[in-house]
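# Please find the sequence and the predicted model below.
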Amino acid sequence: MGSTSASGAGAAAAASWDEARARAALLSIWQAGLAAADPLLCLPRHLPPPPPGRIIVVGAGKAAAKMALAVERAWAGAELSGLVVAPYGADLPDPPPRRRIALRFASHPLPDAAGAAAAAEMLALVRGLSPQDLVLALISGGGSALTTLPAPGLTLADLIAVNRELLRCGAPIGAMNCLRKHLSAFAGGRLALAAHPARVLTLAISDVPGDDPATIASGPTVADATTFAEAREIVARYGLELPPAVAAHLARAEDETPKPGDPRLARAEFRLIATPMMALEAMAEEARRHGLRPLILGDALEGEAAALGAWLAHRALALRGGEPCVLLSGGETTVTLPREASGRGGRNLECLLGMAIALDGAPGIFAFCADSDGRDGNSEAAGALLFPDTLLRAGGDARALLAAHRSHDVFAAAGTLLVTGPTLTNVNDLRAVIVTPQ
């Protein structure tokens, strides 16, 4: 018999990638990304030996519960105390019987009084310390909303109204946090100011493009280079409707955030323990174990979610003639909602729906888009899986549902939602698109 032709070999390779194999590979790649950002695995190696003075642990974010547990385990014999705040429901399934670091819960993405109270309590805990004492700050994505403590003259209702506007307008996270920092008594370096002259060590899990320490959770322990003038420009650029007290506060521009070089922050150290790129590199290694050539497109892809999904689809279609590969990416897209929007979903489900529409059932391409924190927008799912027949299984008018921001309905009908519950970490969105030969 003659040798198999190149096209025949490609067809055989494609045939071997059925839905079951693709599902297993996608879920394995997803889990590898989450494991790379698991605080119990990545935090302990960044801890110094316990210092001789007092140790006060504070923190906020979606990973707060696991980060605090990692510290308690690593420093089992140390005298420490403190408080961290996490979103409601973001606790460990088997919490330790005795917590030296108290765990509070508050609302996310819209702030509430519980978060404001937790932020005020943390400020009180770190005041009056000596140079021999250590403040260990455990920071992860979501911390901005969870520590929304109004600046003097503002109310929590004012800041809730601002957060609603920010979530609606489609502004990138850096712009959102610039405004938040200038309305806060906690963010933008103010936690570190309260701790002076103690040493401050921040261990952070990044969920922002570029891993900017001043942007992660609005940078409560680092200097802030942004200004009131920039905050006012953001308000104008996105047409935000502000409460009168907020507009007046921004106009007065009093009590500016501490800037780089501020001597009060000289003993504040910042360490990244997990980032989106670290997660993508772990996903790439797992992809190789499945016989896939990984192509990392970047950890900071932004833009409108559905448009990015369509772009990823076109990239995948262009690669169908080669060896099996997987496109990996991270970042945070945006979904610009009309004020009256009532659909269900989030940026990952919208990205995946935009991809599905652009692929139009093309064979041999499989994908997931998911939020590493376990919840995408107002959906109970982290994201979803995509197979060539997903839209066919879902039924309905996919384009109309996308326009109505009802992406959740599509993947729920198709049965491909990725439901994890809170993962207790957060390195932003993770995406994988498997491309097999055609």
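Received it, and whenever you're ready, just let me know what you need.
# in a strand, that's where Ala384 is, yeah?
Yes - per DSSP: H, G, I helix; E, B strand; the rest coil, Ala384 lies within a strand segment.
# number of nearby residues for the residue nearest to it when sequence neighbours are not counted?
Excluding its sequence neighbours, the residue lying closest to Ala384 (CB to CB, 6 or more residues apart in numbering) is Phe411, at 3.8 Å. The way it works is simple: take the backbone N, C-alpha and C, and place the C-beta from them, glycine included. If you count neighbours by other CB atoms under 10 Å, Phe411 ends up with 27.
# ok, now Gly364?
19.
# again, but for the one 10 residues further on
Taking other CB under 10 Å as the neighbour definition, Gly374 ends up with a count of 23.
# quick one: Arg320 and Leu327 touch, right?
No - using CB atoms under 8 Å, Arg320 makes no contact with Leu327, being 12.0 Å away.
# who has more neighbours, those two?
Set Arg320 next to Leu327 and count neighbours by other CB under 10 Å: Leu327 wins out with 21 against 17.
# which residues touch the helix or strand encompassing that one?
Applying DSSP states H and E as the criterion places Leu327 in strand 325-331. By CB atoms under 8 Å, 6 or more residues apart in numbering, the residues outside strand 325-331 that reach it are 25, 29, 209, 276-277, 279-280, 283-284, 287, 292-302, 312, 315-316, 319, 427-435.
# what's the answer for stretch 386-405, then?
Against stretch 386-405 from outside (CB under 8 Å, 6+ apart): 19, 22-23, 306, 335, 337, 341, 343-345, 350, 352-357, 359, 361-369, 407, 409-411, 413-416.
# Select only the buried ones of these in PyMOL?
Burial among the contacts of stretch 386-405 is assessed by 16 or more other CB atoms under 10 Å; the matching PyMOL selection reads:
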select buried, resi 22+306+335+343+344+345+350+352+353+354+355+356+357+359+364+365+366+367+368+369+407+409+410+411+413+414+416
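# so Cys369 sits right up against Leu385, yeah?
No - counting by CB under 8 Å, Cys369 stays clear of Leu385, with 9.1 Å between them.
# tell me, what's touching those two both at once?
With CB under 8 Å, 6+ apart, Cys369 and Leu385 have no common neighbours.
# Could you list everything the nearest residue to Thr416 once chain neighbours are set aside pairs with in the sheet?
Nearest residue to Thr416, sequence neighbours excluded (CB to CB, 6+ apart): Leu385, at 4.4 Å. Counting by DSSP bridges, Leu385 is bridged to Phe368.
# What helix or strand is Ala236 located in?
Assigned by DSSP H and E, Ala236 falls within helix 228-237.
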